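Student: Dropping the sequence and predicted coords here.
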Amino acid sequence: RGSSFTSVVAMSAETIFKLEERARLSEAQLKTLQDELTALQNGQLCASPDSAELQALITANQKLKFQLQHIKTKMTTIGVPDLMLSADENYSVDLYKYMEDLMQASIKAAFPEEEGTPGIQVPPPKAKKCGAYQSVAAMAIANRMRQQGVKTSPKDIAEKIIAAIPANNVIETANANPAGIINLFVKVSVLQQEVTKFLRKGALPPKAKKLKVTIDFSSPNIAKDMHVGHLRSTIIGECIARMLEFAGHSTSRINHVGDWGTQFGMLIAHLKDEFPDYKTASPPISDLQEFYKASKTRFDKEPEFKKRAYEEVVKLQGGDKDVHRAWTLICDVSRREFQRIYDRLGVNLTEKGESFYNSMMQKLVVDIADKLEDDETAPGRKIMWTSARPQTNIPLIMVKSDGGYTYDTSDMATLRYRLQDEDSDWIVYVVDRGQAPHFQNVFAAASDLGWTRGDTARIDHVAFGLVLGEDGTKFKSRSGDTVRLRDLLDEGVSRAQATTRKLQKAGDMTEAEMDKIGETLAYGCIKYADLSHDRTKDYVFSFDKMLQDKGNTAVYLLYAYTRILSILANDALAEYNIDAKAADVSTIKIEHPKEVALCQHLMRFAEVFNRALDTLLPHRITDYVYQLSTLFSEYYNSCYCIRKNKEGQVIEVDVDRVLLVKATGVVMKQCLDILSIDTVDKM
C-alpha cells in the first residue's frame, strides 16, 4: 500500500497535467474533424464520413479520459479524501479554516512534494470578479519551482491545483486569474444554511475544545485612584473575557489588585493617628488618594513616622489582628470605589490580589533553591536566570538582600498557583507593554521549571500601548496630572448627553430617555474607541472623534443597529409574524449581488471570531462589525424589503429580505455584546 501511494502521488501532478493537455489537444482535433463531418453531411465537402482519422481520435480521447479519471479516483482513495462540510446546528462554521483544509488537500494532490501553505485570503468587499475566498498558494509554489530551475507560471500551477480540488459541497466553482490567484466561489446553499441558522439559533460560536482559562486584568492598586492607565486593561480584558466565555471556555476573571507591600505600613500608621477609634468605627475616608498622599508626605519627612510605618508592615506580615483590621478597612474603601467604576463599565471581576499569594512565596523559594544564584552585586540577594536571558538580559530577583521577597517572587508564586493548583490550561495577562520583559522572564521560568506541562499550557501577555492626548503626548489633565478614570467617564457622559440632545427632534424623547441614551452612548464610545485600535499600539483619545456619527465609531454602529430594530418594528410586518418565521425557517432567497455580499460577510462571523480569539486582538471584531454595518446599508438601499407606492401605502413585503435584515441584527448584536457595548432601542 505504501509503495502504491508513493508512486501514484509522486506522478500525480505531472501525469494529470500531461493527460489533460493530451485530452485537450485530442478534443480540439476531434472538434475540427466533427466540423468537417458536419460540412460533409451538408454537402459542402467531398469526403467519406467514416473517416479512419476521426474514429482513431475518438478512441484515443476516450482512453485518455478513462486514464485521467482513474488516476484522480486513485488519488482520492489513497490520500485526498472528500471534504464535505457537515451542518451542525450547535455551532457556526469557520469557512476560512475549511478553505485552508480544502486547498491544503488540493496542493497535496497536485504537488505532493510541496509543503506550502494554502495562502487563503479574503478579497476586499468591492473587488470585482473575485470569489468569496482566494488562494495565493500557486504564486509561492511557482516561485520555488523557478528557483529549482523549473520554468512554469503561477496560472499553470493554479489550474493544476484547481483540477485536484477534492469532492466537496461548498465550492460552486473555482478559477484562476492571469496572476495565478485562485478564486473560490461559495455555493448559495451554504450561505442559506448558515444565515438561516442565525435566525433559528442565534449567532453561535465555532466549535472548539473547551479549556480552563484564567484572565488577569484591570489590577489597580489599593489606596490609589483608578486612572486612564487602567482604562485599557479593564476594557480590553473585559472584551477578551467575553470572547473566551462565548467560545465556551471555563473562564476565571481575576482582579490581581495591589493590596500588599511596604506602602501599607505608612497607610496603617496614618490611619491610627487620624482615626484612633478605627477598631470600633469605620473611618470616614472620602478621598483615599488624598489620604495616601498625606501618609506619603509624612513618610518622607518624619523619621519617627517612617520607623512606625516599617513596624506596622512587620505586624501586618506577622498577622497582628488590629493591624490586619486597619489593612482591611483601607482595602474596603478602595474596593467600593473600584466597584463603582466597574458597575458603570459593565465589568465583572473576582478579586484575588497580591496578598492571596503572600504565604506561597517562602515555599516557592525553598522549592526552586537549586535554580537560584547569589547576586555578586548585592550580598544576600538571590536571582534566577531564565531561558529568556538572550532577549531580556535581566534576571528574576527572587530574594532581596534583607531576605524579603519581590514583585518577581509574587508573580512567580501566582503563576505556579494558577498552573498547578487551579490547573489552568490557558492564562492571559492583560498588562501594558512596558511589562513585556518582566513577563517574558516569568513565562520562560515557568517553562524552564516544567510548570507548563511540556508547554501544553498556553500563557499570553496581552500587551497594549499608551493612551495619548490629541497633542500626541501621554494623556494628562489640563494641569498635567494623571486623569482619574471616574472624571474621564463623567466628562464622556456629559458630552454624549449633549450630543444626544442636539440630534433629537423636539418631542422625540423625554429628558430621562436622552440622559440614559447619552450615558450608554458615552461608555460605548469610550470602549469602542479603544477596542477598534490594534491594542499593541498607542492611540489618541479624542471625545470629538469618538462621538462622530460617521465612520468607524460606536455611534455609527448603534445607529445602524437601531435602524434594523426600526425596520423590524414596522407596522406593515405585523401580519407576517417575522419572529415565528425566523424560528422555523429552512431557507431564504439569496439572489441580488448585494444579498450575496451581505450573506458572505455574515458567514464570516465564525472565522473572524476565531482569528480574534487566537490572536487576542479585539479590533478584528470591530473591523468585522463595522464592515457588516456598511454592507447592510448598501443592501438595504439597493434591495427593497417593504415597497410603498407614491401615497406611502405598503404594496409589497419581501419576507426573505426582511429575514436577512433580522439575521444581520442578530450577528451585529452578538458582536456588540462581545465588545461589551450596550445597545439602545432608539437614537
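Tutor: On my side now, so go ahead. Numbering: from 1, shown residues only.

Student: C-alpha from now on. contacts and neighbour counts both.
Tutor: Fine.

Student: Which parts of the stretch 451-600 of the chain are strands?
Tutor: Taking DSSP state E, counting those that start in this stretch as the criterion, the stretch 451-600 of the chain contains strands spanning 458-462, 467-468, 539-540.

Student: Buried ones in the first one, by neighbour count?
Tutor: Think strand 458-462. For strand 458-462, burial by neighbour count (16 or more other Cα atoms under 10 Å) applies to Ile459, Asp460, His461, Val462.

Student: same deal with stretch 324-334?
Tutor: Residues His324, Ala326, Trp327, Leu329, Ile330, Cys331, Val333, Ser334 are the ones in stretch 324-334 that count as buried (16+ other Cα under 10 Å).

Student: Now, the residues you listed that are in helices?
Tutor: Counting by DSSP state H, the buried residues of stretch 324-334 place His324, Ala326, Trp327, Leu329, Ile330, Cys331, Val333, Ser334 in helices.

Student: which of those residues lies closest to Gln289?
Tutor: Set against Gln289, the nearest of those by Cα to Cα is Ser334 (9.3 Å).

Student: same for the helix or strand hosting Gln193, what does it pack against?
Tutor: Per DSSP states H and E, Gln193 falls inside helix 188-201. The contact analysis (3 or more Cα pairs under 8 Å, 6 or more residues apart in numbering; DSSP states H and E) places helix 188-201 against helix 578-584, helix 593-603, helix 655-674.

Student: The ones you listed: which one's closest to Ala444?
Tutor: Using Cα to Cα, the helices and strands packed on helix 188-201 put helix 655-674 closest to Ala444, at 31.3 Å.

Student: how about the nearest residue to Asp425 once chain neighbours are set aside, what does it touch?
Tutor: Residue nearest to Asp425 in three dimensions, not counting chain neighbours: Ala457, with 4.8 Å by Cα to Cα, 6 or more residues apart in numbering. Ala457 is in contact with Leu419, Ser424, Asp425, Trp426, counting by Cα atoms under 8 Å, 6 or more residues apart in numbering.

Student: Okay, helices next: where are they in the stretch 151-300 of the chain?
Tutor: Here the stretch 151-300 of the chain has its helices, by DSSP state H, counting those that start in this stretch, at 154-163, 188-201, 228-246, 263-274, 288-301.

Student: same question but for the stretch 301-450 of the chain, I mixed them up
Tutor: Assigned helices in the stretch 301-450 of the chain, in chain order: 303-318, 321-345, 361-367, 389-392, 407-416, 436-448 (criterion: DSSP H, counting those that start in this stretch).

Student: Any of the contacts of Ala457 buried? List them.
Tutor: Among the contacts of Ala457, those classed as buried by 16+ other Cα under 10 Å are Leu419, Ser424, Asp425, Trp426.

Student: all helices of the stretch 1-150 of the chain, in order?
Tutor: All helices of the stretch 1-150 of the chain, identified by DSSP H, counting those that start in this stretch, fall at 2-41, 52-78, 95-110, 137-147.

Student: Closest one to Val483 out of the ones in helices among the buried residues of stretch 324-334, please.
Tutor: The closest of those to Val483 turns out to be Ser334 (Cα to Cα; 17.2 Å).

Student: do you know how far that closest one is from Thr350?
Tutor: Noted for Ser334: a distance of 15 Å to Thr350, by Cα to Cα, to the nearest Å.

Student: Repeat that for Trp451.
Tutor: Going from Trp451 to Thr350 by Cα to Cα gives 24 Å.

Student: Please name the nearest non-neighbouring residue to Ile677.
Tutor: Spatial nearest neighbour of Ile677, chain neighbours left out: Gly524 (5.0 Å); criterion: Cα to Cα, 6+ apart.

Student: err, Tyr405, not the other one
Tutor: Leaving out its chain neighbours, the residue that sits closest to Tyr405 by Cα to Cα, 6+ apart is Val399, at 5.0 Å.

Student: Tell me how many other residues crowd that neighbour.
Tutor: By other Cα atoms under 10 Å, the residues close to Val399 number 24.

Student: heads up, I number from 19, so please use that
Tutor: Got it, first residue is 19 now, which makes that one Val417.

Student: That one: what's it in contact with?
Tutor: Neighbouring residues of Val417 by Cα under 8 Å, 6+ apart: Val383, Gly398, Arg399, Lys400, Ile401, Tyr423, Thr424, Thr427.

Student: quick one on the thing from earlier: can you list the helices of the stretch 319-468 of the chain in a markdown table and add mean pLDDT and distance to Ser207?
Tutor: Converted to a markdown table, the helices of the stretch 319-468 of the chain look like this (pLDDT from 0 to 100; distance: least, Cα to Cα, whole Å):
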| stretch | mean pLDDT | distance to Ser207 |
| --- | --- | --- |
| helix 321-336 | 92 | 67 |
| helix 339-363 | 94 | 41 |
| helix 379-385 | 96 | 59 |
| helix 407-410 | 96 | 51 |
| helix 425-434 | 97 | 48 |
| helix 454-466 | 97 | 47 |
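
Student: Would you tell me which of those helices gets closest to Met117?
Tutor: helix 454-466 (34.3 Å).

Student: circling back: reformat the strands of the stretch 469-618 of the chain as TSV; add mean pLDDT and distance to Ser377.
Tutor: Listed next are the strands of the stretch 469-618 of the chain as TSV, based on pLDDT from 0 to 100; distance: least, Cα to Cα, whole Å:
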stretch	mean pLDDT	distance to Ser377
strand 476-480	98	24
strand 485-486	94	36
strand 557-558	94	39
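
Student: mind putting the ones you listed in JSON lines, distance to Lys215 included?
Tutor: Converted to JSON lines, these look like this (distance: least, Cα to Cα, whole Å):
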{"stretch": "strand 476-480", "distance to Lys215": "32"}
{"stretch": "strand 485-486", "distance to Lys215": "40"}
{"stretch": "strand 557-558", "distance to Lys215": "38"}
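
Student: looking at these, which is closest to Ala185?
Tutor: Ala185 lies closest to strand 476-480 among these, at 36.2 Å (Cα to Cα).

Student: Which neighbouring elements make contact with that closest one?
Tutor: strand 444-448, helix 454-466.

Student: For Val573, find the nearest of the ones you listed.
Tutor: Among the helices and strands packed on strand 476-480, strand 444-448 comes nearest to Val573, with 26.5 Å by Cα to Cα.

Student: Go ahead and measure how far the closest one is from the middle of the chain.
Tutor: From the chain centre to the centre of strand 444-448 is a distance of 14 Å (Cα atoms, centre = their mean, to the nearest Å).

Student: What's the mean pLDDT across that strand?
Tutor: For strand 444-448, mean pLDDT is 98.

Student: now do stretch 219-235
Tutor: Mean predicted confidence for stretch 219-235 is 96.

Student: Sort out which residues of that stretch are buried, please.
Tutor: 219-225, 230-235.

Student: tally of neighbours for Pro184?
Tutor: Using other Cα under 10 Å, Pro184 has 21 other residues around it.

Student: Is the residue nearest to the spatial centre of the chain in a helix, a strand, or coil?
Tutor: By Cα atoms, centre = their mean, the chain has its centre lying nearest to Ala630, at 1.6 Å. Ala630 carries the three-state label helix when classified by DSSP: H, G, I helix; E, B strand; the rest coil.

Student: pretty sure it contacts Thr640?
Tutor: No. If you go by Cα atoms under 8 Å, Ala630 and Thr640 don't touch, sitting 9.9 Å apart.

Student: one step back: export the contacts of Val417 to CSV and append columns for neighbour count and distance to Thr252.
Tutor: Output for the contacts of Val417, formatted as CSV (neighbours: other Cα atoms under 10 Å; distance: Cα to Cα, whole Å):
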residue, neighbour count, distance to Thr252
Val383, 19, 32
Gly398, 15, 38
Arg399, 20, 35
Lys400, 23, 34
Ile401, 20, 32
Tyr423, 20, 28
Thr424, 16, 25
Thr427, 23, 24
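
Student: Closest to Lys144 out of those residues?
Tutor: Taking Cα to Cα as the measure, Lys144 sits nearest to Thr427 out of the contacts of Val417, at 54.0 Å.
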